[in-house]
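K.L.:
The following comprises the amino acid sequence and a computationally predicted model.
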Amino acid sequence: MSEDDRPELGAHRLSSADSNAQRALFEDFSRLNNELTNVQRDLVRKNVELVGLNQEKAEALRQAVTAAAALQESEQRYRVLNAELEDRVTARTVELDRSRKEAERANRAKSEFLAMMSHEIRTPMNGVIGLLDILGQSKLRSSEVEMVNLAQQSARSLLGILDDLLDFSQADIDKLQLVREPMQLADVVDQVCKMPNGAAARSGVNLTVSLDPHLPACVIGDKARLRQVLASLVENAIKFSETGDQVAKVSVRAVVVERQGDAVTIDLIVKDNGIGMSTETIAVLFTPFSQADATITRRYGGTGMGLALADKLARLMGGHISVQSELGRGSTFVAHLRFDTVHTGQDGDVSNVLRENNGRSAPTGAPRTIEDAQRKDRLILVVEDNEFNQTVIVQQLRLLGFAADVAKDGREALEMWRSGGFGLVLTDLHMPEMDGYSLAASIRAEEGSRRRTPIVALTANALHNEEARCLAAGMDAYLTKPAGLARLKETLEAGFAGTFLSREPMVGAPRRS
């Protein structure tokens with residue numbers, strides 16, 4: 001029997017195999033247990049991490065909820081504030097609109113009042129100045145001539161104040177605009193310096209004029225407004241000049257500062273050796289109705305408005321006015337202005353037009369009877385409802401060598417015009433039955449192919465847009481009452497000659513006559 005066949009040996013071998021199997025199983029179990037322990041440890045760690053992460057997320061969520069609540073509260077506050085702001089803006093807009101409408105109503109009321117006052121003052125002033133002009137052409141003694149001159153100066157001073165009030169009012173509401181017409185600067189300076197020369201001589205003021213030899217012969221601008229600016233500076237210099245122990249001097253210079261293409265910049269310099277001004281006075285110099293103090297007004301007169309208006313006009317011309325002064329050492333005013341020049345090739349033509357419209361030559365062989373005037377097609381139809389003004393205008397025309405017939409309103413004038421024989425119509429604007437605008441429109445509608453009849457407005461209305469309205473109605477020229485003899489003659493001669501000075505239509509305030 002072999003050893004393998006022994007029972008005890010077989011059992012031993014089985015026991016040994018079981019022991020190995022058990023040992024292997026134990027080792028596997030131990031390894032598995034270790035792995036499970038490690039896994040458990042990892043799970044515990046991860047669980048701790050997850051708990052921490054959940055806590056962080058919970059905190060973040062809590063913060064997000066808090067922030068959302070705060071944002072919602074802010075949005076609610078914003079909506080409330082926005083609603084309040086919208087209510088305030090709406091209320092403010094309503095208030096501003098109401099204030100604007102009130103201001104517009106006030107401006108309209110002011111304009112209407114000024115228009116009424118202009119008409120009411122100019123109508124009698126037309127008679128006063130017109131008769132003084134006629135009287136001044138009569139044969140008078142030297143003392144009488146002096147009295148007439150003083151009366152004329154007083155009347156025109158009153159008219160000048162009225163003009164300044166109207167101009168400043170319209171400039172203040174931006175309704176004063178400029179016309180563009182050819183003009184000779186040298187003539188403007190000469191005319192201005194001749195106007196106050198009598199006053200300068202009586203005040204003992206030596207007035208001198210100097211013109212730059214390079215001054216352009218002709219420029220484009222508003223002649224009347226330029227004259228107004230320069231006249232304000234010259235009159236101011238004369239008024240505040242003192243004779244005292246020295247000779248009072250006022251100098252006027254026109255200097256070319258710069259040329260750029262067709263544009264030229266010119267300084268109009270007015271210098272005096274008068275009382276001068278302090279720094280405080282200069283600071284308010286261009287403020288309307290301002291003067292140094294009450295003693296200035298009492299001593300020298302004036303409204304304190306002329307320089308303010310001159311500065312506004314200069315700015316409308318694209319320039320400005322500067323001043324240098326010292327108490328007791330005089331003042332220097334400089335109007336810096338910019339103009340367009342007329343091309344050289346046009347100088348001759350423009351000079352002819354200007355010469356024709358300057359009214360310097362008296363009518364040659366002018367008719368003095370209605371019949372003679374009709375034959376020569378120079379009879380003037382005067383349309384005026386005020387009997388006193390009818391008399392004054394007819395006398396002025398006779399003095400200038402013109403013959404005239406009179407109609408008391410537009411309807412009567414239209415019937416007279418239809419009968420023929422009139423070379424020009426000189427009409428008031430506001431009249432009963434038919435006004436001047438309707439008269440002009442009716443004449444233009446009925447003329448057809450017939451010769452155009454020149455129509456000139458002569459009105460006491462001097463507010464903005466009046467001239468534009470007249471031109472739109474078919475009129476050819478516009479004069480404000482009282483029209484001086486020179487201006488009246490100039491306009492009528494231009495009308496008969498068919499040479500009304502061409503210019504761009506004016507939208508702003510009318511020119512001073």
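P.N.:
Nice, I can see it.
K.L.:
Just checking the distance from the strand or helix carrying Lys57 to the centre of its chain.
P.N.:
Here Lys57 sits within helix 7-136, counting by DSSP states H and E. Distance of helix 7-136 from the chain centroid (Cα atoms, centre = their mean, to the nearest Å) equals 50 Å.
K.L.:
Next: stretch 251-259.
P.N.:
25 Å.
K.L.:
what's that stretch in contact with?
P.N.:
185-186, 189, 192-193, 207-212, 214-216, 230, 234, 264-272, 336 (Cβ atoms under 8 Å, 6 or more residues apart in numbering). C-betas here are computed from N, CA, C, even on glycine.
K.L.:
Kindly give a single ChimeraX line that selects the buried subset of those.
P.N.:
Buried subset of the contacts of stretch 251-259, written as a ChimeraX selection, criterion 16 or more other Cβ atoms under 10 Å:
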select :185,186,189,192,193,207,209,215,216,230,234,264,265,266,267,268,269,270,271,272,336
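K.L.:
Narrow the contacts of stretch 251-259 to those in helices?
P.N.:
Leu185, Ala186, Val189, Val192, Cys193, Leu230, Val234 (DSSP state H).
K.L.:
and the nearest residue to the fifth one once chain neighbours are set aside, bridged to which residues?
P.N.:
With sequence-adjacent residues excluded and distances taken as Cβ to Cβ, 6 or more residues apart in numbering, Cys193 is closest to Val209, at 5.1 Å. Applying DSSP bridges to Val209 gives these bridge partners: Val252.
K.L.:
how near is Val209 to Gln22?
P.N.:
141 Å (Cβ to Cβ, to the nearest Å).
K.L.:
Please apply the same query to Gly423.
P.N.:
Look at Gly423 and Gln22: by Cβ to Cβ, they are 152 Å apart.
K.L.:
how close does Glu59 get to Ala67?
P.N.:
Taking Cβ to Cβ, one finds Glu59 at 12 Å from Ala67.
K.L.:
What of Lys408?
P.N.:
89 Å.
K.L.:
what does Ser232 give?
P.N.:
For Ser232, the distance to Ala67 - Cβ to Cβ - is 71 Å.
K.L.:
With neighbour numbers in mind, choose between those two.
P.N.:
Ser232 (26 against 10; other Cβ atoms under 10 Å).
K.L.:
Report pLDDT for that one.
P.N.:
With respect to pLDDT, Ser232 scores 85.
K.L.:
Now do the same contact list for the nearest residue to Val219 once chain neighbours are set aside.
P.N.:
Excluding the flanking residues, the one nearest Val219 by Cβ to Cβ, 6+ apart is Phe339, at 3.9 Å. Counting by Cβ under 8 Å, 6+ apart, Phe339 touches Leu185, Pro216, Val219, Ile220, Gly221, Ala263, Val264, Ile266, Met317.
K.L.:
can you pull the pLDDT of the second one?
P.N.:
With respect to pLDDT, Pro216 has a value of 89.
K.L.:
Without its sequence neighbours, what residue ends up closest to it?
P.N.:
Thr341 (4.7 Å).
K.L.:
ok, Gly423 and Gln22, which is more surrounded?
P.N.:
Gly423 (20 against 11).
K.L.:
and that one, backbone torsions?
P.N.:
Per-residue torsions, Gly423: phi -90, psi -10 (degrees, to the nearest 10).
K.L.:
where does it sit relative to Ala486, distance-wise?
P.N.:
According to Cβ to Cβ, Gly423 stands 21 Å off from Ala486.
K.L.:
With Ser30 instead?
P.N.:
137 Å.
K.L.:
Looking at those two, which is more packed in?
P.N.:
Set Ser30 next to Ala486 and count neighbours by other Cβ under 10 Å: Ala486 wins out with 15 against 10.
K.L.:
Packing partners of whichever strand or helix holds the more buried one?
P.N.:
Here Ala486 sits within helix 485-497, counting by DSSP H and E. Contact here means 3 or more Cβ pairs under 8 Å, 6 or more residues apart in numbering; DSSP states H and E; on that basis helix 485-497 packs against helix 347-357, helix 387-399, strand 424-427, strand 455-459, strand 477-480.
K.L.:
looking at those, which is closest to Leu307?
P.N.:
When the helices and strands packed on helix 485-497 are compared by Cβ to Cβ, strand 477-480 sits nearest Leu307, at 23.1 Å.
K.L.:
for the closest one, what is the average pLDDT?
P.N.:
Mean predicted lDDT for strand 477-480 stands at 88.
K.L.:
ok, it: who's next to it in the sheet?
P.N.:
Take DSSP bridges as the rule and strand 477-480 pairs in its sheet with strand 455-459 (parallel).
K.L.:
so Arg329 sits in a strand?
P.N.:
No - checked against DSSP: H, G, I helix; E, B strand; the rest coil, Arg329 lies outside a strand; its state is coil.
K.L.:
Just give the closest residue to it, not the sequence neighbours.
P.N.:
Gly276 is the one closest to Arg329 (Cβ to Cβ, 6+ apart), at 5.0 Å.
K.L.:
Please apply the same query to Asp222.
P.N.:
Leu178 (4.1 Å).
K.L.:
Where does Val323 sit: helix, strand or coil?
P.N.:
strand.
K.L.:
what's the answer for Leu178, then?
P.N.:
Leu178 ends up coil, using three-state DSSP.
K.L.:
Ser438: how many residues sit nearby?
P.N.:
By other Cβ under 10 Å, neighbour count at Ser438 equals 16.
K.L.:
what about it, helix or strand, and which?
P.N.:
With DSSP H and E as the test, Ser438 turns up in helix 436-447.
K.L.:
What are the contacting residues of that helix?
P.N.:
Contacts for helix 436-447 (Cβ under 8 Å, 6+ apart): 383, 410, 413-414, 417-418, 425, 427-430, 434, 453, 455, 457, 459, 469-470, 473-475.
K.L.:
can you rerun that using 10 Å?
P.N.:
For helix 436-447, contacts defined as Cβ atoms under 10 Å, 6 or more residues apart in numbering pick out 381, 383-384, 407, 409-414, 417-418, 422, 425-431, 433-435, 452-453, 455-459, 469-476.
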